[in-house]
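# what's the 3D shape of this:
(chains A and B)
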Amino acid sequence: NAGVTQTPKFRVLKTGQSMTLLCAQDMNHEYMYWYRQDPGMGLRLIHYSVGEGTTAKGEVPDGYNVSRLKKQNFLLGLESAAPSQTSVYFCASSPSRGGELFFGEGSRLTVL
Amino acid sequence: GENVEQHPSTLSVQEGDSAVIKCTYSDSASNYFPWYKQELGKRPQLIIDIRSNVGEKKDQRIAVTLNKTAKHFSLHITETQPEDSAVYFCAATGGQNFVFGPGTRLSVLP
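Got it, this is the predicted structure:
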């Protein structure tokens, strides 16, 4: 039981490049989330999903897209990376509405 | 939408002393208030949580109190130990989304 797994864990991009972060959970959780963590700003919600095939915008969705084609996977895409997207990205899952969040190990992204 | 404030941003205590971190929230519909601990380079992990139908909850050296009228909740750590040094985040939710506070960096000095 691996819990929540994120890949890749580190990535360096040049401005304008695209990439996809993959989040996989093996706990059969319905809810999945993508957060970004910046110094002094806590965790800010980018997008979330309440079940397979659903996605919704969070607090800071601009510049990101997501997809949840399979219940266990939640993908975060950056179509044209910008230096402002340099951050640590955390995926989380939850079994229910308002239930405990289980976080992945994080993915550190640097955009030059 | 919900807004969560957290104070202090940094806190240093002597080993064995108590530490208190306070959070306020804005949305009266919020009904679940978890606290997460994040050690350096690690993922956030839940340490304690409280729901709106309870005023206080305790788990060994950690306790959380909730004042719904004033819209604030607090984390209390007693008999602090060096391994309590970390960043602590409070959060609030009324359903699907969690809104996090900016975090408190706790340092426990030997």
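
# all strands of the chain, in order?
Just so you know, I chose chain A. Counting by DSSP state E, residue ranges of the strands within chain A are A:4-7, A:10-13, A:19-25, A:31-37, A:43-49, A:56-57, A:65-67, A:73-78, A:87-94, A:102-103, A:107-111.

# if you could check chain B rather than the one you did, that'd help
Going by DSSP E, chain B shows strands at B:4-7, B:10-14, B:19-25, B:32-38, B:45-51, B:56-59, B:62-67, B:72-77, B:86-92, B:99-100, B:104-109.

# adding distance to chain A and mean neighbour count, write those out as a markdown table.
Just so you know, the C-beta spots here come from the backbone N, C-alpha and C atoms, and that holds for glycine as well. Converted to a markdown table, the strands of chain B look like this (distance: least, Cβ to the nearest Cβ, whole Å; neighbours: other Cβ atoms under 10 Å in any protein chain shown):
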| stretch | distance to chain A | mean neighbour count |
| --- | --- | --- |
| strand B:4-7 | 8 | 18 |
| strand B:10-14 | 10 | 13 |
| strand B:19-25 | 11 | 21 |
| strand B:32-38 | 5 | 22 |
| strand B:45-51 | 5 | 16 |
| strand B:56-59 | 14 | 12 |
| strand B:62-67 | 14 | 18 |
| strand B:72-77 | 15 | 21 |
| strand B:86-92 | 6 | 24 |
| strand B:99-100 | 4 | 24 |
| strand B:104-109 | 10 | 17 |
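
# pLDDT wise, what is residue 54 at?
I'll assume chain A. If you check A:T54, the pLDDT there is 95.

# you looked at the wrong chain, it should be chain B
With respect to pLDDT, B:V54 has a value of 82.

# what's the closest non-adjacent residue to it?
Nearest non-adjacent residue to B:V54, counting by Cβ to Cβ, 6 or more residues apart in numbering or on different chains: B:L66, 6.9 Å away.

# before we move on, back to that, of the strands of chain A, flag the one that's most buried.
strand A:31-37 (a mean of 25; mean count of other Cβ atoms under 10 Å in any protein chain shown).

# show me what that one is packed against.
The elements that strand A:31-37 packs onto, with contact taken as 3 or more Cβ pairs under 8 Å, 6 or more residues apart in numbering or on different chains; DSSP states H and E, are strand A:19-25, strand A:43-49, strand A:73-78, strand A:87-94.

# among those, which is nearest chain B?
When the helices and strands packed on strand A:31-37 are compared by Cβ to the nearest Cβ, strand A:43-49 sits nearest chain B, at 4.3 Å.
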